[in-house]
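Student: below: sequence and its predicted model.
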Amino acid sequence: MTPEEVTPMFATTGPMPRRVDAWAYEVKWDGVRALATVRDGAVRLRGRPRGAAVIGSDITARYPELAELADVRRGGSGSDPAGPFVIDGEVVMFDDDGRPSFQALQHRMHIADPAESRRMAAERSVVFVAFDVVWTPDGPCFDRTYDERRSVLEELEFSGQRVLVPSAQLGDPDDFVEFVRSRRLEGIVAKRRDSVYRPGRRSDHWVKTKFNLSQEFVVVGWTEGTGARSVHLGALLLGYHHHGVLTYCGKVGTGFADRELRALAPELAARALDVELVDPALVAAVPRQKTAVHWVEPTMVVQVTFGEWSPSGHLRHPSYQGRRDDIDPRTVIREPD
């Protein structure tokens, strides 16, 4: 495996582990996961692998301000070899209150034009939140423990202002949990301090606990809008995979900016699907709607916040947050409550 072929390790979802001597606790950042590969004075950002892809897609051009990641060195060394470093982290955009905002970030996630990316970066920049290092000029760090990798990460020096290395909480997490809740952050990721890094694998040695109900869903269709929304969609029909079968779980019709409604229209049209090609069980699960229903190929993933799950397995008070082109729709399941 080369540095460019490394893929991220993923956490499972569950209750927060309480063996405080064995676990470290980090903020769960509401952004886009990325691996930053630094080599020969340049940085390349890659997202999660999707579909049959072995490695993640190159997202470097979307975030030109993160080019400053290329100037990284280990503390105490006048210079390092030309790399490589592979740093695991999250691309995050903060709102005016200093909280991560996925809704603000989504406008940057889908830009393909480098000139437009540079223009938007000048208006409002993102930051790279680094939380692991998996390759240094000495070679891969996969078999080093979390504590060892964390020590290496905290010794790295970055010259710019758009790279953050937040500290991890060791010991009793109660005050840390209170801080995360008070800031209305998404949640916490607990990581075993003796855990090694397993590229491309989901491990229960990393456990994410969300304080706000939010997850990804697959778009299976949409309804036509009415009134002021008559020229746009009314709501997205949502589902997730249960034992390999798409399961309907409700619709989301709030949280859309006009700009996003316009952007969704051609994406949905390109995925149009005749009802005869849709699983009859899925069609039957969708209640009768006031406006026409249009079915789509289940290849679009969106992020949705919601109040709770109903006893019948539907979302209550959902609100649209944005598209997740970095998520493989086949991996979307209902996350544990």
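Tutor: That came through, no problem.
Student: got a list of what residue 157 touches?
Tutor: Contact analysis of residue 157 by C-beta atoms under 8 Å, 6 or more residues apart in numbering lists 72, 73, 74, 75. For glycine as for every other residue, the C-beta is placed from the backbone atoms N, C-alpha and C.
Student: and the second one, which of the three is it?
Tutor: Going back to what we said before, that points to residue 73. strand (DSSP: H, G, I helix; E, B strand; the rest coil).
Student: show me where the stretch 201-337 of the chain has its strands.
Tutor: 202-210, 214-224, 233-242, 245-252, 272-273, 293-296, 301-305, 308-309, 315-316, 319-323 (DSSP state E, counting those that start in this stretch).
Student: could you tell me the angle between the second one and strand 319-323?
Tutor: Orientation note: strand 214-224 sits at an angle of 100 degrees relative to strand 319-323 (axes from the mean of the first three to the mean of the last three C-alpha atoms, to 10 degrees).
Student: closest to residue 67 out of the strands of the stretch 201-337 of the chain?
Tutor: Comparing those by their distance to residue 67 (C-beta to C-beta), the top pick is strand 319-323, with 24.3 Å.
Student: which other helices and strands does the closest one contact?
Tutor: Contacts defined by 3 or more C-beta pairs under 8 Å, 6 or more residues apart in numbering; DSSP states H and E place strand 319-323 against helix 102-109, helix 258-270, strand 301-305.
Student: make it 6 Å
Tutor: Counting contacts by 3 or more C-beta pairs under 6 Å, 6 or more residues apart in numbering; DSSP states H and E, strand 319-323 packs against helix 102-109, strand 301-305.
Student: now do that strand: distance to the chain's middle.
Tutor: 12 Å (C-alpha atoms, centre = their mean, to the nearest Å).
Student: angle of that strand against strand 233-242?
Tutor: Using the same axes, to 10 degrees, the inter-axis angle of strand 319-323 relative to strand 233-242 is 80 degrees.
Student: what strands line up against strand 319-323, and which way round?
Tutor: Using DSSP bridges, the strands paired with strand 319-323 are strand 301-305 (antiparallel).
Student: rewinding a little: quick one: the helices and strands packed on strand 319-323 as CSV, columns for mean pLDDT, mean neighbour count and distance to residue 281 too.
Tutor: Formatted as CSV, those follow (pLDDT from 0 to 100; neighbours: other C-beta atoms under 10 Å; distance: least, C-beta to C-beta, whole Å):
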stretch, mean pLDDT, mean neighbour count, distance to residue 281
helix 102-109, 86, 20, 31
strand 301-305, 95, 21, 21
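Student: go through those and name the closest to residue 258.
Tutor: Here helix 102-109 is closest among the helices and strands packed on strand 319-323 (C-beta to C-beta), at 12.4 Å.
Student: okay, the strands of the stretch 201-337 of the chain, which one's buried deepest?
Tutor: Most buried of the strands of the stretch 201-337 of the chain, by mean neighbour count (mean count of other C-beta atoms under 10 Å): strand 214-224, with a mean of 23.
Student: what about that one, average pLDDT?
Tutor: Average pLDDT, strand 214-224: 95.
Student: where does this protein have its least confident helix or strand?
Tutor: strand 72-74 (a mean of 81; mean pLDDT, DSSP states H and E).
Student: distance from the chain centre to it, please.
Tutor: So, by C-alpha atoms, centre = their mean, the centroid of strand 72-74 is 26 Å from its chain's centroid.
Student: helix or strand right after it?
Tutor: Later in the chain than strand 72-74, the nearest helix or strand by DSSP states H and E is strand 85-92.
Student: what about that following strand, average pLDDT?
Tutor: 96.
Student: do stretch 27-36 as well
Tutor: pLDDT averaged over stretch 27-36 gives 94.
Student: what about it, start to end distance?
Tutor: Counting by C-alpha to C-alpha, to the nearest Å, you get 19 Å between the two ends of stretch 27-36.
Student: and it, what's buried?
Tutor: 27, 28, 29, 30, 31, 32, 33, 34, 35, 36 (16 or more other C-beta atoms under 10 Å).
Student: sorry, back to before: pick the one among the contacts of residue 157 closest to residue 102.
Tutor: residue 72 (26.2 Å).
Student: please report the distance of that closest one from residue 139.
Tutor: Per C-beta to C-beta, to the nearest Å, residue 72 is found 16 Å from residue 139.
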